[in-house]
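1. quick one, structure for this:
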Amino acid sequence: MSGTIVLNNGHHYNENIAKKPSEIDMWKKDSSRPKIELKQPSLSPSAADGCPDTIPFSSANFNGHGPSNKNNSKRVFFDKKRFIYWCCFILLVVLAFGTRLYKLDEPKHVCWDETHFGKMGSYYINRTFFFDVHPPLGKMLIGLSGLLSGYDGKFSFEKPGIKYGETEYIGMRLFCSLLGSGIILLCFGIVWEMTQSLSASVLSAFIIIFDTGCLTLSQYILLDPILLFFIAMSMYSAQKFKGHSKSPFSFGWWFWMANTGIFLAFSFSVKWVGLFIILLIGIMTISDLWHLLGNLALSKIQIAKHICARVSCLIVLPIICYLAIFFVHFKVLSHSGTGDGFFSSSFQSRLKGNNLYEANMPEDLAYGSVITLKNHRAAGGLLHSHWHLYPEGVGARQQQVTAYTHKDDNNKWLVKKFDRDPSEHDDITYVHHGDVVRLEHLATQRNLHSHMESAPITKRHQQVSCYGINGTGDLNDIWRVDILGGKFGDRVKTVRTRLRLIHHTTGCALYSHSKQLPKWGWEQMEVTCNPRKRDSKNIWNVEDHYNAKLPNISFELFAPSFLESVLESHIVMAQSNSGLKPKEGEITSRPWQWPINYRGQRFSGVNETEERVYLLGNPVLWWGNLCCLGLFLFCFAIWSIRLQRGCCTGVDTDHDNNAMISCAWLFLGWCLHYLPFFCMGRVLYFHHYFPAMLFNSMLSGILIDHIVTSVHNKLELNFHFNGKICTHAVICSVMVYSFHLFSPLSYGMNGPYAGKANSRLTHLKWLDSWEI
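-> Residues are numbered from 1 along each chain as shown. All right, here's what the predicted structure looks like:
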């Protein structure tokens, strides 16, 4: 049952007519017969996409072949094949939305990362600037969904476990759940576009529907369902674009290529792991252009047009979309907030409510001024001190000096001459390039100090501390002001001047970087004295400046341009992302643990009296996916050898080729979304694997269907036995039962943990590493 065969003389030959294998063999072996070939299927059941009146469903389609191309002149009023297709699609819609929307309002408290992304949605509603390690689109959409559903942005989202009470949180969860449901339909569409096999498409969708991990991620206020939806939409659009390859430069061709570029930008704008789908589509595009280059029927002008079209839609358009998202981000978050301190002084000058917004401060620094000093590198902190001392064994037990990214009174320093304290009766004396000064911490009245002790973390640097009583210290409190590119007589100017502070006694330079001190240092950034005076991280600038004796000027003109703000945002995100550390008590994981479902992640509840939600993949499906990966590599190797030896001949050859090539692209997608995590130094979590899991699930659906179809064809030819539907029914039944078994992980568990004798969950603890 391999579908309709089209002869090169225009006539149609239906293999279903040839009931006996001998008839098929006679047809193939007859050299007098005209050459036969499989006619290319239409890529969509939609009439708008050029589908024939009869949708390509039947046992032929269940075998993975394309649609039957019959004469469309005759009107068909009822098409059983189209009816089967839409029945399957409607069933998937019901299952997808039903499983994702069930018990959506529970638990009725903040769960896991809702504390971050719900809070960030509130910031957008309140137009308050904040900082996050991810690009802004996902949080913007969460904020928009909350605004449209009646949420006022006033809930604190302070920590997991806080009750929502009367807060309108359902709208934000609903938005994420709808996108999570859409992922299933898109994966169904991707497999259909790649294989034209209804059974493979349904199998792939079922794996995602009945996976408890995908279900859990889809029911909460998180970035993951948004990211997965955009990745799936990018892949679906790319497949639809490929389906229009025979009608280049048509409306559909342009639409789906542009759509691919837009959703690539959206994927990257939610999380930077969207780069991996960009790489996959990029490789597919290069492969497509390579085949076009080998088509001698195309002129050089036509090939150039193809290249320019792809550059426009898949490079230029995504960049424009990405920048547009940041433009909206900056316009919406126009008020000062918690993220100010991560950015430069000039960046902060554009935020309403910040000390530097339309600021009127003295321009030139003078003795007796109170200032804050900001490390000039991207994401640099403010020079900070507090009453706490360095612990025993960490240099001298003197007052800690750190760099802190948040506004704080402990960031303020008094500028003094090196030999005496300022007085109210002193004349105004400006600070110049080459002056030697002391900096007194305003809150504790101790001077900025360094000595020959090693720094806490960077041992080759000197320790920096605060020392003295009421502003009185010793010679190690003296620092020389060194303006970059300065000359004798140049004044230190607020915000604009970049300077170094050189320790007068030892010659090292005040330095800060992104390394964080241990808990005794409140995990603030280390400040040291660097013997390498020309290091770029030795550079500081005056951010806030208070002096009642000096005239004020406006700093409005110092705000950066849009592109400068985008560049600084990316540098800050990159540095902060690489330095992420797990929260106290939080369980992290390593990439090797993800495919084997070794350990999940707590979403809600930490004791037996609370409702617990645990992020864990359905082990039957995940271990089945893992087996399919190994089985694919074996099948692909056999297929490649047979293809090279010329053994792949016959009517089913195109079916085999299409299945293997489709699986190969999905395997590449799995590799690109999984293997790079082995090279990452930042903290990693189980949920990082789910983009790769989508590609694995689609690969499994195609491979299982291909194997079952191949076995079914041989059994049918030899024994007239049709067991394909039964086989798929058994596979789907196992999926449904395993989902029923493990669904409490997603919908909520109560009572004793599974490890206890009286627990109702004992049957779910298949591995000791599962905390259920």
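2. average pLDDT across stretch 311-318?
-> Averaging pLDDT along stretch 311-318 yields 97.
3. show residues contacting it.
-> 254, 257-258, 260-262, 264-265, 268, 278, 281-282, 285 (Cβ atoms under 8 Å, 6 or more residues apart in numbering). The C-beta positions use only the backbone N, C-alpha and C, and glycine is treated the same way.
4. by neighbour count, which of those residues wins?
-> L264 (31 neighbours; other Cβ atoms under 10 Å).
5. is it in a helix, a strand, or coil?
-> Assigned by DSSP: H, G, I helix; E, B strand; the rest coil, the conformation of L264 is helix.
6. my read: it touches F276, true?
-> No - using Cβ atoms under 8 Å, L264 makes no contact with F276, being 10.8 Å away.
7. ok so, going back, in strands, which of the contacts of stretch 311-318 appear?
-> Under the assignment DSSP state E, the contacts of stretch 311-318 contribute nothing to strands.
8. ok, which pair from these is furthest apart?
-> Distances among the contacts of stretch 311-318 were taken as Cβ to Cβ; the most separated pair is W254 and F268, at 21.7 Å.
9. gap between the residue most central in space within the chain and L373?
-> For the chain, the residue nearest the mean C-alpha position is K271 (2.8 Å; Cα atoms, centre = their mean). As for K271, its distance to L373 is 34 Å (criterion: Cβ to Cβ, to the nearest Å).
10. for stretch 565-574, output the C-alpha coordinates as CSV.
-> Backbone C-alpha positions of stretch 565-574 (Å, rounded to 0.1, in the frame of the first residue of the first chain) are rendered in CSV as follows:
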residue,chain,number,x,y,z
SER,A,565,22.2,51.0,25.4
VAL,A,566,21.6,47.8,23.6
LEU,A,567,25.3,47.0,23.5
GLU,A,568,25.8,47.7,27.2
SER,A,569,22.7,45.6,28.0
HIS,A,570,24.2,42.6,26.2
ILE,A,571,27.6,42.9,27.9
VAL,A,572,25.9,43.1,31.3
MET,A,573,23.6,40.1,30.5
ALA,A,574,26.6,38.0,29.2
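11. which parts of stretch 407-426 are buried?
-> For stretch 407-426, a neighbour-count test (16 or more other Cβ atoms under 10 Å) marks 407, 410-417, 422 as buried.
12. ok, residues contacting it?
-> 340-341, 355, 365-373, 382-386, 404, 429, 431, 436-443, 448, 471, 478, 504, 544.
13. include secondary structure and pLDDT when you put the buried residues of stretch 407-426 into JSON lines, please.
-> Below are these laid out as JSON lines (DSSP: H, G, I helix; E, B strand; the rest coil; pLDDT from 0 to 100):
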{"residue": "K407", "secondary structure": "coil", "pLDDT": "83"}
{"residue": "N410", "secondary structure": "helix", "pLDDT": "95"}
{"residue": "N411", "secondary structure": "helix", "pLDDT": "95"}
{"residue": "K412", "secondary structure": "coil", "pLDDT": "96"}
{"residue": "W413", "secondary structure": "strand", "pLDDT": "96"}
{"residue": "L414", "secondary structure": "strand", "pLDDT": "95"}
{"residue": "V415", "secondary structure": "strand", "pLDDT": "96"}
{"residue": "K416", "secondary structure": "strand", "pLDDT": "94"}
{"residue": "K417", "secondary structure": "strand", "pLDDT": "92"}
{"residue": "P422", "secondary structure": "coil", "pLDDT": "83"}
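14. how about these, which pair is most distant?
-> Between any two of the buried residues of stretch 407-426, the greatest separation by Cβ to Cβ is 27.7 Å, found for K407 and K417.
15. now the contacts of stretch 407-426: which count as buried?
-> Buried members of the contacts of stretch 407-426, scored by 16+ other Cβ under 10 Å, are 340-341, 355, 365-369, 371-373, 382-386, 404, 431, 437-443, 448, 471, 478, 504, 544.
16. in this protein, which helix has the most residues?
-> Looking across the chain with DSSP state H, the single longest helix is helix 690-719.
17. tell me what it is packed against?
-> Identification of packing neighbours for helix 690-719 by 3 or more Cβ pairs under 8 Å, 6 or more residues apart in numbering; DSSP states H and E yields helix 170-195, helix 198-209, helix 212-218, helix 224-243, helix 619-644, helix 653-674, helix 724-742.
18. need the ones you listed in CSV (columns: distance to W522 and mean pLDDT).
-> Compiled in CSV, the helices and strands packed on helix 690-719 are given as follows (distance: least, Cβ to Cβ, whole Å; pLDDT from 0 to 100):
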stretch, distance to W522, mean pLDDT
helix 170-195, 32, 97
helix 198-209, 43, 96
helix 212-218, 33, 96
helix 224-243, 31, 97
helix 619-644, 40, 94
helix 653-674, 36, 93
helix 724-742, 41, 93
